[in-house]
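only geometry, no sequence info:
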């Protein structure tokens, strides 16, 4: 017999939003629940069904968890409003919190999101004081030129002996197709590239291709990102920022947020880099690691009180007091 | 759209029922059988849009997830063909009970199509029409393709991929066989898929059958010709499209190719 029960949930204006709620079996619900968000346009089961596995795991640990589709994604109908994507996403997530509060008596919430879900998780945490914990996996990156260069050099060093690294560069694939298979289109693309500088300062198209979303600029500046995270921890929100090995294979000194090195923020949020887990936890072994980490984090927040901070060793301990709730902040938009 | 959990308590299934719209409901209902693993995730949007289109044409539609897949109860490791075939039958009963339809069509893509063929051959099953989109005919080849794509995905998702992954895949036949794209493949499911061959996959007699596949897919075309020669009411429909079953949804290929949607919706509406 499983330790959770799942129900279908329709909610939002005109019940246009759909999700699946997993609750602990036979247990009286506490007041804290969790939202698991869409990754890109994948519907609510998540890449590799990771959202299903997460929700069931958390419900089994005593935390009711809703995985649902934002308006226009999966089985949720498009919204009637004219909001931009992020504003509408925040509205949808707040509708989910309203639903869990009114129908299931939950009052405090954790939010977990991967990639675009990470950005949405931060947006709703900023906008809604009921959010007491946010875990982002491969959320926004703020890389210094040094980190980018180090990454590039590692990949260049691997280039001669690693066919997979070579194949990750479109220019290499085109070159091989042109010379090996006499592909005229590949040849044209190769010649067009000849005038491009190979070592531009920003991320190249190749880098963007390897990290889904990595080719787009962050929504806000590094300073604003720091300010937002600090506003969350000031409010007592437990913030965990996790990063995969998809963009970079190694990490030193909070490298994925290297533009913010030295910030007091790092004493107040959990930062964790996973050298053995990729962007969507593609293998079962990666999923097992990520699920365990998410459960440990969620248990820590749910059992430890409204706010948590990382210890020097990286484990989570409760904060002493909760700051007064702030006014909801205007959501970030893209 | 009405979300459902149906079937016996020991094996509940998740489904989404689209009631017929408009003043004149059709007497035909359509059951949509999903592919396996990543291909189901990849084609979810196509199935949703197809269901909405058909419901607007007055047909009742049920799409569902098999046990251990999608939103249905069960872990990945629980998935196996015999149970999934029974799930198709259970979903068919649910659709008939809800819709009261006199005529039922089954649609399936990839392994969902193969399962539909097998489930339609179960004694006592009555299906009026089968529309099969690129059915998996050769389980061994399918597993090998998934295995190669799995390794490619791993390589793409690492800044510094391990060159040993590809070497292991090429040298060791037992490497990367217990999962594909993050979905577990149990030893039982693997054995069942290895046993799936075009020869063993026999279309049911009595039903109208349309097999949709790419114009250059000679193997499927040959299989349809063999089935037709054996007296099955089967025909081949060539369909070129841009949907890549094993890709992630976003890179340069449509989630719901308009031409494919139009053709398949047309076949299901006839």
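Thanks, I have the structure now. Just so we're clear, the structure is a prediction, and the values are computed from it rather than from any experiment.

does residue B:235 have beta-bridge partners, and which?
residue B:210 (DSSP bridges).

Double-check it against residue B:203; I have them as touching.
No. Residue B:235 is beyond contact range of residue B:203, at 11.1 Å (criterion: Cβ atoms under 8 Å). For glycine as for every other residue, the C-beta is placed from the backbone atoms N, C-alpha and C.

Can you give the domain ranges for the chain?
In the absence of a named chain, chain A is used. Structural domains annotated on chain A: A:4-143+A:218-318, A:156-202, as defined by automatic domain parsing.

Actually, chain B is the one I wanted.
B:2-138+B:201-269, B:139-195.

Looking at these, which one is packed in the most?
Most buried of the domains of chain B by mean neighbour count (mean count of other Cβ atoms under 10 Å in any protein chain shown) is domain B:2-138+B:201-269; its value is a mean of 19.

in the chain, which spans are strands?
Answering for chain A, as no chain was given. Counting by DSSP state E, chain A has strands at residues A:4-11, A:17-24, A:32-36, A:65-68, A:108-114, A:131-137, A:238-243, A:270-273, A:308-310, A:316-318.

wait, chain B
B:2-6, B:13-18, B:28-33, B:60-65, B:103-109, B:129-133, B:179-180, B:183-184, B:208-213, B:233-238.

excluding its backbone neighbours, what's nearest whatever residue of the stretch 51-200 of chain B ends up closest to chain A?
In the stretch 51-200 of chain B, no residue comes nearer to chain A than residue B:182, which is 2.7 Å away by Cβ to the nearest Cβ. Using Cβ to Cβ, 6 or more residues apart in numbering or on different chains and skipping residues adjacent in sequence, the residue nearest residue B:182 is residue A:48, 2.7 Å away.

where does the chain have low pLDDT?
All of this is about chain A. A:1, A:196-218, A:305-334 (pLDDT under 70).

Please refer instead to chain B.
B:249-252.

surely residue B:49 meets residue B:257?
No. Using Cβ under 8 Å, residue B:49 makes no contact with residue B:257, being 10.5 Å away.

Surely the residue nearest to residue B:182 and residue A:279 touch.
No. Under the criterion of Cβ under 8 Å, residue A:48 is not in contact with residue A:279, lying 10.9 Å apart.

which neighbours do the two share?
Overlap of the contact sets of residue A:48 and residue A:279 (by Cβ atoms under 8 Å, 6 or more residues apart in numbering or on different chains) is empty.

which residues sit in contact with the residue nearest to residue B:182?
Residue A:48 neighbours (Cβ under 8 Å, 6+ apart): A:280-282, A:287, B:38, B:181-183.

Looking at those, which are in helices?
Among the contacts of residue A:48, DSSP state H puts A:287, B:38 in helices.

Rebuild the contacts of residue A:48 as JSON lines, extending it with distance to residue A:117.
Output for those, formatted as JSON lines (distance: Cβ to Cβ, whole Å):
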{"residue": "A:280", "distance to residue A:117": "11"}
{"residue": "A:281", "distance to residue A:117": "13"}
{"residue": "A:282", "distance to residue A:117": "16"}
{"residue": "A:287", "distance to residue A:117": "16"}
{"residue": "B:38", "distance to residue A:117": "18"}
{"residue": "B:181", "distance to residue A:117": "19"}
{"residue": "B:182", "distance to residue A:117": "16"}
{"residue": "B:183", "distance to residue A:117": "20"}
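
if we take the contacts of residue A:48, which one ends up nearest to residue A:270?
Closest approach between the contacts of residue A:48 and residue A:270, by Cβ to Cβ: residue A:281, at 18.0 Å.

Give me the common contacts of residue B:235 and residue B:203.
residue B:209.

picking up where we left off before, got a markdown table for the strands of chain B, with distance to residue B:166 too?
Below are those laid out as a markdown table (distance: least, Cβ to Cβ, whole Å):
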| stretch | distance to residue B:166 |
| --- | --- |
| strand B:2-6 | 42 |
| strand B:13-18 | 37 |
| strand B:28-33 | 34 |
| strand B:60-65 | 32 |
| strand B:103-109 | 29 |
| strand B:129-133 | 31 |
| strand B:179-180 | 16 |
| strand B:183-184 | 20 |
| strand B:208-213 | 29 |
| strand B:233-238 | 34 |
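
Let me see the backbone angles for the residue of the stretch 51-200 of chain B closest to chain A.
phi 80, psi 0 (degrees, to the nearest 10).

ok, it - contacts?
Contacts of residue B:182 (Cβ under 8 Å, 6+ apart): A:47-50, A:280-284, A:287, B:38.

still on that earlier bit, of all the domains of chain B, which lies closest to residue A:146?
domain B:139-195 (15.8 Å).

For chain A, which residue gets nearest to chain B?
residue A:48 (2.7 Å).

separation between that residue and residue A:42?
In this view, residue A:48 and residue A:42 are 9 Å apart by Cβ to Cβ, to the nearest Å.

cool, residue B:267 as well?
28 Å.

Please apply the same query to residue A:162.
Where residue A:42 is concerned, residue A:162 sits at a distance of 29 Å (Cβ to Cβ).

Same question for residue B:232.
Counting by Cβ to Cβ, the gap from residue B:232 to residue A:42 is 37 Å.

returning to that earlier point: for the contacts of residue B:182, which one is nearest residue B:7?
residue A:49 (19.5 Å).

In contact with that closest one: list those residues for me.
Counting by Cβ under 8 Å, 6+ apart, residue A:49 has contacts B:41, B:69-70, B:76, B:182-183.

again, only this time at 7 Å
Under the criterion of Cβ atoms under 7 Å, 6 or more residues apart in numbering or on different chains, the contact list for residue A:49 reads B:76, B:183.

what about the helices in the stretch 151-300 of chain A?
A:163-167, A:170-181, A:184-193, A:205-210, A:222-234, A:284-304 (DSSP state H, counting those that start in this stretch).

I meant the stretch 101-250 of chain B, not that one.
Under DSSP H, counting those that start in this stretch, the stretch 101-250 of chain B gives helices at B:111-120, B:139-156, B:163-171, B:187-194, B:218-229.

for those helices, which one sits closest to residue A:190?
helix B:139-156 (21.1 Å).

So which of the domains of chain A is the most surrounded?
domain A:4-143+A:218-318 (a mean of 20).
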